[in-house]
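S.K.: sequence-free structure coming up:
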């Protein structure tokens, strides 16, 4: 709708102009003012697209009004009416920025022609503004998508020719990642952004990342509970309106300067929660320490599980496998691909021990593991493998030497004391060299490494569960020399005992 302001001190003149405007059959909002002062007051309340004004008026004439409008409202088109004796005024007005002037008495045909010309100019400028706005929006979306995908701000600024063109990115305060189980965005007839505008009560920028993911960037600071409530409401609306299951990950309040790639990485990690808790739909990032976001070293548990498999210790295998599951179930911020990689390797270790007729199903089980989107299904696949392992041991018992079992039990009971091959060989009346040979054959591990693995595990437990001094722990696991203990611990776990405790 075109906004028009008619300015004339004569009511009959204003009515005449309104009559001529109605003859043009255009949608217009028409206001009136009796002089230049009142006209400026009206423009201050609401700008006009077209100003139709007489030249001679009390308090402020049309020429002075035109000068003020050009300065304050340069987008406003001005048409001035003048009598034959006011031509000099009209000429000055044209120099002041007036678009057209019409001589009085007003000729209807001239009025129509002038208005059509002005309206064409306005339409042309609006189309140009829309084109420029679309270009700006295109550039803005390109910049944000590039930053979300890890592009360097300096490289983008260089390509755009102005670092200031990235300043608006710093206006964002938080964002939401929307993710669907199947292709959602880009469907025919789906105007998701328009529907989103109806639901959101906050200023936002929306972008499609891919057919299954979209991003909403918010400019205003909002408390975490309010963001959670907003996301829950949006998620409910999406599922009711489209019938698709939608997950939403809600970011923390951004730190400044905003690094969108880092925030996107955090959100994608947060979205991994749907792997661990598929019944939930909204995941909010509370303030988390960097330690919680890093992947914890799994060597300890994996070494122990492999040891359990080799020595056929099913009780230990169950216990250590449960610990591994609890670790990932409680953290919930590991990539599901990383978790699947860890558990698929464990599944391979189990199937390598199974008889050949049962191990042929490994590839099928690995495929099932990687296709699942539920952590519970992953653990069930591993538990099934462990059950097969138990059945295999029961049906095809490969009896360990009684002496080896005796040696292991002695080590479990006396790991805090000095242990040597000679001492252990005396316990079972064997030659030390023969004991080492059959221990390696039966367990797949050197005797010294078996003792060290047990001592390291016990030391780790004490570091995690007690406040004992390092020197006391060293003695408690059979290392009277604390320096040698620290060196051995570092070789085994990759960090010193003190650093492990601090982590």
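M.R.: On my side now, so go ahead. Keep in mind that this is a model prediction, so the values were computed, not measured.
S.K.: C-terminal to the lowest-mean-pLDDT helix or strand in the chain, what's the next element?
M.R.: Ranked by mean pLDDT, DSSP states H and E, the weakest helix or strand in the chain is helix 290-293, scoring a mean of 38. Moving toward the C-terminus from helix 290-293, the next helix or strand (DSSP states H and E) is helix 299-311.
S.K.: so what's the residue lying closest to residue 343 once chain neighbours are set aside up against?
M.R.: With Cβ to Cβ, 6 or more residues apart in numbering as the criterion, residue 343 has its nearest non-adjacent residue at 5.4 Å, and that residue is residue 378. For glycine as for every other residue, the C-beta is placed from the backbone atoms N, C-alpha and C. By Cβ atoms under 8 Å, 6 or more residues apart in numbering, the residues touching residue 378 are 339-340, 343, 369, 372.
S.K.: now swap in residue 169 and tell me
M.R.: For residue 169, the contact set (Cβ under 8 Å, 6+ apart) comprises 143-144, 147, 258, 260.
S.K.: now for these, which sits with the most neighbours around it?
M.R.: residue 260 (23 neighbours; other Cβ atoms under 10 Å).
S.K.: mind checking pLDDT for it?
M.R.: In this model, residue 260 is scored at 85, pLDDT.
S.K.: next, it: phi, psi?
M.R.: Backbone torsions for residue 260, taken as degrees, to the nearest 10, come to phi -60, psi -40.
S.K.: start to end distance for stretch 303-319?
M.R.: Across stretch 303-319, the terminal residues are separated by 13 Å (Cα to Cα, to the nearest Å).
S.K.: same thing with stretch 367-378?
M.R.: Length of stretch 367-378, first residue to last, Cα to Cα: 11 Å.
S.K.: any chance of the contacts of residue 169 in JSON lines with distance to residue 476 and secondary structure as columns?
M.R.: Listed next are these as JSON lines, based on distance: Cβ to Cβ, whole Å; DSSP: H, G, I helix; E, B strand; the rest coil:
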{"residue": "143", "distance to residue 476": "59", "secondary structure": "helix"}
{"residue": "144", "distance to residue 476": "56", "secondary structure": "helix"}
{"residue": "147", "distance to residue 476": "53", "secondary structure": "helix"}
{"residue": "258", "distance to residue 476": "50", "secondary structure": "coil"}
{"residue": "260", "distance to residue 476": "50", "secondary structure": "helix"}
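S.K.: farthest pair in the residues you listed?
M.R.: Farthest-apart pair in the contacts of residue 169 is 143 and 258; separation 12.3 Å (Cβ to Cβ).
S.K.: low-confidence ranges in the stretch 1-150 of the chain?
M.R.: Within the stretch 1-150 of the chain, the ranges that satisfy pLDDT under 70 run 84-97.
S.K.: how about the helices of it, start to end?
M.R.: Assigned by DSSP state H, counting those that start in this stretch, the helices in the stretch 1-150 of the chain fall at 11-22, 36-45, 62-72, 87-95, 108-148.
S.K.: and those, which is most packed in?
M.R.: helix 62-72 (a mean of 20; mean count of other Cβ atoms under 10 Å).
S.K.: quick one, helices of the stretch 351-500 of the chain?
M.R.: Using DSSP H, counting those that start in this stretch, helices in the stretch 351-500 of the chain cover 356-359, 362-371, 375-395, 402-414, 421-428, 432-443, 447-465, 470-476, 482-493, 497-502.
S.K.: mean pLDDT lowest for which of these?
M.R.: When these are ranked by mean pLDDT, helix 356-359 comes last with a mean of 68.
S.K.: tell me if I'm right that residue 450 and residue 442 touch.
M.R.: No: counting by Cβ atoms under 8 Å, residue 442 is not a contact partner of residue 450; they are 10.8 Å apart.
S.K.: now residue 335. Its backbone dihedrals?
M.R.: The phi/psi pair for residue 335 (degrees, to the nearest 10) reads phi -60, psi 140.
S.K.: can you check the pLDDT for the residue lying closest to it once chain neighbours are set aside?
M.R.: Among residues not flanking residue 335 along the chain, residue 272 sits closest, at 5.9 Å (Cβ to Cβ, 6+ apart). pLDDT, residue 272: 78.
S.K.: how near is residue 272 to residue 375?
M.R.: 10 Å (Cβ to Cβ, to the nearest Å).
S.K.: and for the two, which residues touch both?
M.R.: Joint contacts of residue 272 and residue 375 (Cβ under 8 Å, 6+ apart) are residue 336.
S.K.: and the two? Which one has more around it.
M.R.: Between residue 272 and residue 375, residue 375 has the larger neighbour count (other Cβ under 10 Å), namely 24 against 19.
S.K.: show residues contacting stretch 185-201.
M.R.: Residues outside stretch 185-201 that contact it (Cβ under 8 Å, 6+ apart) are 184, 204, 206, 208, 210-214, 216, 230, 233-234, 237, 241-242.
S.K.: buried subset of those?
M.R.: Buried members of these, counted by 16 or more other Cβ atoms under 10 Å: 184, 204, 206, 208, 213-214, 216, 230, 234.
S.K.: dump the residues you listed to JSON lines, plus distance to residue 8, pLDDT and secondary structure.
M.R.: Below are the buried ones among the contacts of stretch 185-201 laid out as JSON lines (distance: Cβ to Cβ, whole Å; pLDDT from 0 to 100; DSSP: H, G, I helix; E, B strand; the rest coil):
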{"residue": "184", "distance to residue 8": "58", "pLDDT": "83", "secondary structure": "coil"}
{"residue": "204", "distance to residue 8": "45", "pLDDT": "85", "secondary structure": "strand"}
{"residue": "206", "distance to residue 8": "47", "pLDDT": "86", "secondary structure": "strand"}
{"residue": "208", "distance to residue 8": "52", "pLDDT": "84", "secondary structure": "strand"}
{"residue": "213", "distance to residue 8": "59", "pLDDT": "88", "secondary structure": "strand"}
{"residue": "214", "distance to residue 8": "53", "pLDDT": "89", "secondary structure": "strand"}
{"residue": "216", "distance to residue 8": "50", "pLDDT": "90", "secondary structure": "strand"}
{"residue": "230", "distance to residue 8": "51", "pLDDT": "88", "secondary structure": "helix"}
{"residue": "234", "distance to residue 8": "52", "pLDDT": "88", "secondary structure": "helix"}
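S.K.: wait, which of the residues you listed is closest to residue 382?
M.R.: Nearest to residue 382 among the buried ones among the contacts of stretch 185-201, counting by Cβ to Cβ, is residue 213 at 29.7 Å.
S.K.: so that closest one sits right up against residue 182, yeah?
M.R.: No: using Cβ under 8 Å, residue 213 makes no contact with residue 182, being 11.8 Å away.
S.K.: list the contacts of the spatially closest residue to residue 381 that is not a sequence neighbour.
M.R.: In this structure, residue 381 finds its nearest non-sequential neighbour in residue 369, 5.4 Å apart by Cβ to Cβ, 6+ apart. Taking Cβ under 8 Å, 6+ apart as the contact definition, residue 369 lies against 340, 343-344, 347, 378, 381.
S.K.: for residue 373, see how far away residue 337 is.
M.R.: Going from residue 337 to residue 373 by Cβ to Cβ gives 12 Å.
S.K.: how about residue 152, phi and psi?
M.R.: Main-chain torsions, residue 152, degrees, to the nearest 10: phi -80, psi 130.
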